[in-house]
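Q: This is the structure alone, sequence omitted:
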């Protein structure tokens, strides 16, 4: 009889340990949920406080289209190109507009040294864009303000 009463008492501590483990798991899950929820609320509040900023209005300096003779092993090859320069500020735009004859001259000198085989490939056009941007590394006048040219955009590009 004493053995019959000892069996339920051995099961009771195991039941208590199991109950405590379940209670601990539930409590930690609730704590993690509230911690993550509170962190999300502060991040959402921070993003709500920031007003969406307007993108800057792009400034373009248009260079009138022109035709250039290209280097060629056979026959005459021509390039008809029109492009625009995207600049960051009005000072750069005004400077380039004021010195447009020299800008066009530099472009003509660069383009006349190219071959049609180079320019018809997409890689050739990307390389040409980089070379055009490099033209403005050398000062046009002395002293020259810092020019802020972001990109070269082709509006016309015909190799014939």
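A: That came through fine. These numbers come from a predicted model, not from an experiment.

Q: residues touching residue 63, list them.
A: Applying C-beta atoms under 8 Å, 6 or more residues apart in numbering to residue 63 gives the contacts 82-85, 100, 103-104, 107. All C-beta atoms are positioned from the backbone trio N, CA, C, and that covers glycine.

Q: Which helix or strand in this structure has the lowest average pLDDT?
A: helix 2-49 (a mean of 72; mean pLDDT, DSSP states H and E).

Q: Now do whatever helix or strand comes next after that one: distance to the chain's middle.
A: Counting by DSSP states H and E, the next helix or strand C-terminal to helix 2-49 is strand 59-70. Here the centre of strand 59-70 is set off from its chain's centre by 26 Å, with C-alpha atoms, centre = their mean, to the nearest Å.

Q: mind checking how far the helix or strand following strand 59-70 is from the chain centre?
A: Counting by DSSP H and E, the next helix or strand C-terminal to strand 59-70 is strand 77-87. Here the centre of strand 77-87 is set off from its chain's centre by 24 Å, with C-alpha atoms, centre = their mean.
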